[in-house]
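Engineer: Fold the following and give me the result.
(chains A, B, C, D, E and F)
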There are 6 protein chains.
Amino acid sequence: MERADGRKPSELRPVRITPHVLEYAEGSCLIECGRTRVLCAASVEDRQPPFLRGTESGWVTAEYAMLPRSTHTRTPREVERGRPGGRTQEIQRLIGRSLRAVVDLELIGPRTITIDCDVLQADGGTRTASITGGYVALALAIRKLAGGGSFASAVLRGQVAAVSVGIVGGVPLLDLCYEEDVQADVDFNVVMTDAGSFVEVQGTAERKPFSREELETLLDLASDGIRQLIEAQREALAQA
Amino acid sequence: MERADGRKPSELRPVRITPHVLEYAEGSCLIECGRTRVLCAASVEDRQPPFLRGTESGWVTAEYAMLPRSTHTRTPREVERGRPGGRTQEIQRLIGRSLRAVVDLELIGPRTITIDCDVLQADGGTRTASITGGYVALALAIRKLAGGGSFASAVLRGQVAAVSVGIVGGVPLLDLCYEEDVQADVDFNVVMTDAGSFVEVQGTAERKPFSREELETLLDLASDGIRQLIEAQREALAQA
Amino acid sequence: MERADGRKPSELRPVRITPHVLEYAEGSCLIECGRTRVLCAASVEDRQPPFLRGTESGWVTAEYAMLPRSTHTRTPREVERGRPGGRTQEIQRLIGRSLRAVVDLELIGPRTITIDCDVLQADGGTRTASITGGYVALALAIRKLAGGGSFASAVLRGQVAAVSVGIVGGVPLLDLCYEEDVQADVDFNVVMTDAGSFVEVQGTAERKPFSREELETLLDLASDGIRQLIEAQREALAQA
Amino acid sequence: MERADGRKPSELRPVRITPHVLEYAEGSCLIECGRTRVLCAASVEDRQPPFLRGTESGWVTAEYAMLPRSTHTRTPREVERGRPGGRTQEIQRLIGRSLRAVVDLELIGPRTITIDCDVLQADGGTRTASITGGYVALALAIRKLAGGGSFASAVLRGQVAAVSVGIVGGVPLLDLCYEEDVQADVDFNVVMTDAGSFVEVQGTAERKPFSREELETLLDLASDGIRQLIEAQREALAQA
Amino acid sequence: MERADGRKPSELRPVRITPHVLEYAEGSCLIECGRTRVLCAASVEDRQPPFLRGTESGWVTAEYAMLPRSTHTRTPREVERGRPGGRTQEIQRLIGRSLRAVVDLELIGPRTITIDCDVLQADGGTRTASITGGYVALALAIRKLAGGGSFASAVLRGQVAAVSVGIVGGVPLLDLCYEEDVQADVDFNVVMTDAGSFVEVQGTAERKPFSREELETLLDLASDGIRQLIEAQREALAQA
Amino acid sequence: MERADGRKPSELRPVRITPHVLEYAEGSCLIECGRTRVLCAASVEDRQPPFLRGTESGWVTAEYAMLPRSTHTRTPREVERGRPGGRTQEIQRLIGRSLRAVVDLELIGPRTITIDCDVLQADGGTRTASITGGYVALALAIRKLAGGGSFASAVLRGQVAAVSVGIVGGVPLLDLCYEEDVQADVDFNVVMTDAGSFVEVQGTAERKPFSREELETLLDLASDGIRQLIEAQREALAQA
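Structural biologist: Numbers count the residues shown, from 1 in each chain, chains lettered A, B, ... in the order given. This next block holds a predicted model:
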């Protein structure tokens, strides 16, 4: 089977992570996965969410939005409807949980780090790109907060990255672009650490239920892809 | 390890499904999984959602809410905040997708079937109980719509049920109650059909990432539990 | 005249009050008046509403909602419209005022007791059933709070119950069911104490104005009905 | 007992109704009851509310608002809270029902007449003043619509007016001003026609329940007051 | 060219400012410019907006609304849409900025003065009438706050008034009425002090861009008109 | 006087306009004015706004938003507050009016062109940069719609660009950066066409009123600046 852009089933799209694209944010990067582009900005604020009052702990949270013309046809802004839609909230909860999985929240102190993921262009995989890029913005902010050195590595207990996999026309594929995503029978978003552990596995039968064997194949594909994304994060952070 | 309620790690809570508890709904049941109780009502309406205009197809959707005092301490109504919260929207999307997986939407014609899942009492596993009970309400409504017989079985391509599994204190457990849920390191919601295929797999590392082996063990536990729930659905529908 | 369900004009529908139906609420009951069923839950919280700050007094308030499929055809949830409708707000204000009429708010201390009235099935008279059942949930919560005994009777200065009456086809009727309610020319909701005093009298000419004589007849009917409801409350509380 | 403004218990405040105060509205008046001033405007629009589609009938509805500085201290605008409060909705439903009681909705054809009641200054009794003044605005609009003559009298089947009564310090009083209203033990709003029939009776025990005898006395007081208001309406309309 | 109401191009509509029209507000007036009528009320409250916390300074702000039937056909209330529209917010920001330009905010102390401008009837120029009338309400409130005398004149550093000008059919006109406003090619709102300085100049090409020369002519017209409005304010305040 | 970034009073910040930065939008550019960066996207849709129904005319509208971390400290998303703020609405109305001034709306047919201006980084002048960049995105979209050639030039009757000017510390300055903007005594936004005519002049005395002479000086400065921005647009469009 030939993929729309000529890739092999187990091939990632070209990934590019450009750090420090914003001058005011404590950490930032632009992540590009093929045509998908997400601007990730980390903001450190000296305030705790209400449910942590009285503790010394901090919090990491995420917000996600698509610019109206990131999509093939214009998507109305959610502010016009008066509230973030269900999909948006689901995605920002996922990004937040994924990033918190590698942060020692007590070590960051009574602060909130917000990772804003704004999709400039959307060609599938925006939520997984947000996690992968969001990690880089977060790491840069923590590096700045910690003044570099060993403290920063204590705060960040590992790397985290994410990728989508799916079954399209009976073939398991890594890193679906939009055109593949809409045709997929099964769609997984997988979030893993650099130690090879899982943080999230979200698999959905869009058209028909999937077997245990198919699940296993997809997790193998995702593990391979994430290993490469972890490497891309490492390079971006090394150069930053 | 002793579970809070004396169950074995691989044991479901007692499940009871009482059909026809509402006199006006086209289909309804009360599902009780231990102390968790969800009232499920299926409503058939002769209208299509906007995105199906111009087709002959129908739709199945779900809404979910917790009564304010379903919980240990009172939870404010979401209507007072002016919108369903992110968790609620995520759950109702999950229930809807899960039920649609076993329905032939074209056969139900230009109709919308809404499954309302209202949690009367919450002791963990409300979203999975909603799917399991929601299926029974849906099946009763389709039976009524189809006038029974072979048409109903054509519309419903199978059964679907769901359960939670998780790792608590290092031990994989089936069907978490609330007390276990808040302590879980890993939390999965699994939705499967009577044919043993997966509709949804949502696994989250609440505290620490999980290994591939742990994932496999949890899916085995879930498969066993769902087989029993499918049987409970069958009995409830046989008596109804 | 024959009523839809064979009752005499001055006859209440069968009323059944089942206490302690919820395991977490401080007080609860299910009240059934014919086919109308309302789940009433009392929650005690150690907080004062803002307007009582600086006093030692407490508050009793109520919330009311109908489950979407409590009605003959499905009624959309108010949360989807972003706010409780005018009718809902009017009803919850009425329930709250009625219950406060028999509570010594200073004796309950700096607390808020919220009575949630959720209509599981609606066949007319849901607001009056909410008051009658809400009183039972409230009394159980106060009994628990007071540790029983004489303090509880000091806090609760009496019983309160409510019923609807109306004129249908020229005939004054007690306790209208839905079918009668929609045809009524005049519709009253009456709230009274066990001492036979009035807490609320809300009479509305739905179709044509009513005379002073008709008003007197309706109040007589209501007084009789409420006396029976007061007795039903007493029995339910005695057994609880 | 001496009333705040020297009135006798059964005395109305001075009432003044000035018709035609707005140049664009189909009907309008300013009603002053003591210091309470309400601007009433009737708008006729060639549209039906959705629930009348397919009929030839029209509708009469009302909206009510208080200007922020109609009150002793400034009251925030409800638009800032994003929705009309419960009290506002309750009042506008009451005004609408009261006015519809004297209109033959079929004769006004497929139109909506909206009565806007905007309180310029509030010293108690704003909802009853809105009904009394709203009737005058409505009658002027119908007169204009009907081109005067017998048709107008067919459309309007009678006059309607309203007043508050209450028990303050044990004394039944007619037409409460704000200072009396906040001290009242019992508070009634009564709406009647020129034929002496009741359209609405809303009695509330604000502090202590009231007896049947007290109810009777209050209804007598109200009937007397409304008779005078009906006369004031008639004079205003005669001069207009 | 003949104007709709027979005025000369450089002629203001008759202006009338009636002070003290509300009994509770700290300052108030009714301003009438032709058929445009705006009720202006100043409220003094002992609270600071959040951004002034920790300072000794006060604030002056404004709110603006049109009564539904101030317009030729009924305009729905903004509260029904759940939020003030863009035009409303733009206008209330303009009124607030304009009035603050002549107030020494530090001298008023930790208070907020809110100027409510409610349009009773709208025939063009409602925002400029709100500024001109709002100034009078503000001055009366400050006079009352200051106990009259020299302190009041220290707080108010000058007078401020506003007028609209525009080009209609090629002719520059002062003080547009509604009919002229909708036909204008260019529309200016100009706010000036009694010292002849500008506070705001907002010029918009509604139909075609305007030249520097046209701008100069319009500013000359506006200056003349504002001089007369400043005089009308002075007279109203002298008599109050 | 030395400006923060060493510019002369009458000097623009470096401006860079990069066309075609988005792959899906009908027209797009990134405009950078110093550190201010705005992403402008033009979307052409085959629908008319409701108020044009029944005509052959089209519409041009604009939306504006700031990314949360475009600012020195994080600004919460407006969607979280449930509505675009007053400042946002004022700005998007300004951008829309400005762009419509150079478009023949009848020639674009029954379409809506929406210009989305999303501020990636904010250092003052974001609304004027949005107009200047928005024009380029619009021109590219019209060029594509028209298939190039003479029709496109008929649709676009000219160019439009905007700049801010102000008085800081007594000195009139062109193109204020954020630091200058917050200190300005007077702040103007000026929108002009390539023919040297004005589309909008919005001048505000932030701290003290300004004289006619100051106004003249500021308009001269703005005219010079806009001439250069018009040239930058022309170059960007020539290369695109």
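
Engineer: Tell me the residues of chain A that contact chain E?
Structural biologist: Within chain A, the positions near chain E by CB under 8 Å from any CB of the partner chain are A:Gly82. Just so you know, the C-beta spots here come from the backbone N, C-alpha and C atoms, and that holds for glycine as well.

Engineer: can you give me the strands for chain A?
Structural biologist: A:15-19, A:27-33, A:36-45, A:59-66, A:112-121, A:160-168, A:171-174, A:186-193, A:198-205 (DSSP state E).

Engineer: what number of residues lie near the closest residue to chain C within chain A?
Structural biologist: Closest to chain C within chain A is A:Gly82: 7.3 Å, counting by CB to the nearest CB. A:Gly82 sits with 17 neighbouring residues when counted by other CB atoms under 10 Å in any protein chain shown.

Engineer: doesn't D:Gly82 make contact with it?
Structural biologist: No - using CB atoms under 8 Å as the test, A:Gly82 is too far from D:Gly82 to be in contact (9.1 Å).

Engineer: Quickly list what's touching both of the two.
Structural biologist: Residues touching both A:Gly82 and D:Gly82 by CB atoms under 8 Å, 6 or more residues apart in numbering or on different chains: E:Gly82, F:Gly82.

Engineer: Show residues contacting the helix or strand of chain A with the lowest mean pLDDT.
Structural biologist: Sorting the helices and strands of chain A by mean pLDDT, DSSP states H and E puts helix A:149-155 at the bottom, at a mean of 75. For helix A:149-155, the surrounding residues in contact (CB under 8 Å, 6+ apart) are A:Val103, A:Asp104, A:Leu107, A:Ile108, A:Ala139, A:Ile142, A:Arg143, A:Leu145, A:Ala146.

Engineer: ok now it, how far from the chain's centre?
Structural biologist: Offset of helix A:149-155 from its chain centre (CA atoms, centre = their mean, to the nearest Å): 22 Å.

Engineer: go on, stretch A:131-146?
Structural biologist: Put simply, stretch A:131-146 sits 12 Å off its chain's centre (CA atoms, centre = their mean).

Engineer: Is chain F within reach of that stretch?
Structural biologist: No - Stretch A:131-146 does not reach chain F (CB under 8 Å from any CB); its nearest approach is 9.4 Å.

Engineer: now stretch A:89-98
Structural biologist: No - counting by CB under 8 Å from any CB, no contacts exist between stretch A:89-98 and chain F, the nearest distance being 10.6 Å.

Engineer: Please report phi then psi for the residue lying farthest from the centre of chain A.
Structural biologist: Relative to the mean C-alpha coordinate of chain A, counting by CA atoms, centre = their mean, the farthest residue is A:Gly54 (30.6 Å). The phi and psi values for A:Gly54, taken as degrees, to the nearest 10, are phi 90, psi 0.

Engineer: Could you find the closest non-adjacent residue to A:Ser130?
Structural biologist: A:Cys117 (3.7 Å; CB to CB, 6 or more residues apart in numbering or on different chains).

Engineer: Any idea how many residues pack against that neighbour?
Structural biologist: 25.

Engineer: try A:Ala101
Structural biologist: 24.

Engineer: swap in A:Arg35?
Structural biologist: Counted with other CB under 10 Å, A:Arg35 comes out at 16.

Engineer: try A:Ala42
Structural biologist: For A:Ala42, the neighbour count with other CB under 10 Å is 30.

Engineer: show me the contacts for it.
Structural biologist: A:25-28, A:113-116, A:134, A:137-138, A:140-141.

Engineer: now it, which residues is it bridged with?
Structural biologist: Taking DSSP bridges, one finds A:Gly27, A:Ile115 as the beta-bridge partners of A:Ala42.

Engineer: coming back round to it: so can I have CSV of the strands of chain A showing mean pLDDT?
Structural biologist: Formatted as CSV, those follow (pLDDT from 0 to 100):
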stretch, mean pLDDT
strand A:15-19, 98
strand A:27-33, 98
strand A:36-45, 98
strand A:59-66, 97
strand A:112-121, 98
strand A:160-168, 97
strand A:171-174, 97
strand A:186-193, 97
strand A:198-205, 97
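
Engineer: Dump the ones you listed into CSV; add distance to F:Asn189 as well.
Structural biologist: Listed next are the strands of chain A as CSV, based on distance: least, CB to CB, whole Å:
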stretch, distance to F:Asn189
strand A:15-19, 33
strand A:27-33, 29
strand A:36-45, 27
strand A:59-66, 27
strand A:112-121, 26
strand A:160-168, 43
strand A:171-174, 50
strand A:186-193, 45
strand A:198-205, 47
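
Engineer: Tell me which of those sits nearest to C:Val182.
Structural biologist: Smallest distance to C:Val182 across the strands of chain A (CB to CB): 44.9 Å, for strand A:198-205.

Engineer: just checking, what packs against that closest one?
Structural biologist: Here strand A:198-205 touches helix A:86-100, strand A:186-193, helix A:212-239, strand B:198-205, helix B:212-239, going by 3 or more CB pairs under 8 Å, 6 or more residues apart in numbering or on different chains; DSSP states H and E.

Engineer: strands paired with the second one, and their directions?
Structural biologist: What that stands for is strand A:186-193. Strand A:186-193 sits in its sheet next to strand A:160-168 (antiparallel), strand A:198-205 (antiparallel), going by DSSP bridges.

Engineer: can you state the direction angle for that strand and helix A:212-239?
Structural biologist: 40 degrees (axes from the mean of the first three to the mean of the last three CA atoms, to 10 degrees).

Engineer: And for strand A:186-193, what's in contact with it?
Structural biologist: Contacts for strand A:186-193 (CB under 8 Å, 6+ apart): A:94, A:98, A:101-102, A:127-128, A:131, A:158-167, A:176, A:181, A:198-208, A:210, A:214, A:218-219, A:222-223, A:226, B:209.

Engineer: Just the buried residues of the residues you listed.
Structural biologist: A:94, A:98, A:101-102, A:127-128, A:131, A:158-167, A:176, A:181, A:198-206, A:210, A:214, A:218-219, A:222-223, A:226, B:209 (16 or more other CB atoms under 10 Å in any protein chain shown).

Engineer: Around chain B, which positions in chain A sit nearby?
Structural biologist: So chain A meets chain B at A:82-87, A:89-90, A:92-93, A:97, A:101, A:192-193, A:195, A:197-205, A:208-212, A:215, A:219 (CB under 8 Å from any CB).

Engineer: what's the closest non-adjacent residue to the residue of chain A at minimum distance from chain D?
Structural biologist: Relative to chain D, the nearest point of chain A is A:Gly82 (9.1 Å; CB to the nearest CB). Nearest residue to A:Gly82 in three dimensions, chain neighbours excluded: F:Gly82, at 4.7 Å (CB to CB, 6+ apart).

Engineer: That neighbour touches D:Gly82, doesn't it?
Structural biologist: Yes - between F:Gly82 and D:Gly82 a contact is recorded at 7.3 Å, counting by CB under 8 Å.

Engineer: what's near enough to touch A:His72?
Structural biologist: Taking CB under 8 Å, 6+ apart, we find A:His72 in contact with A:Tyr178, F:Tyr24.

Engineer: Give me the distance between it and chain E.
Structural biologist: 29 Å (CB to the nearest CB, to the nearest Å).

Engineer: And A:Ser10, by the same measure?
Structural biologist: For A:Ser10, the distance to chain E - CB to the nearest CB - is 50 Å.
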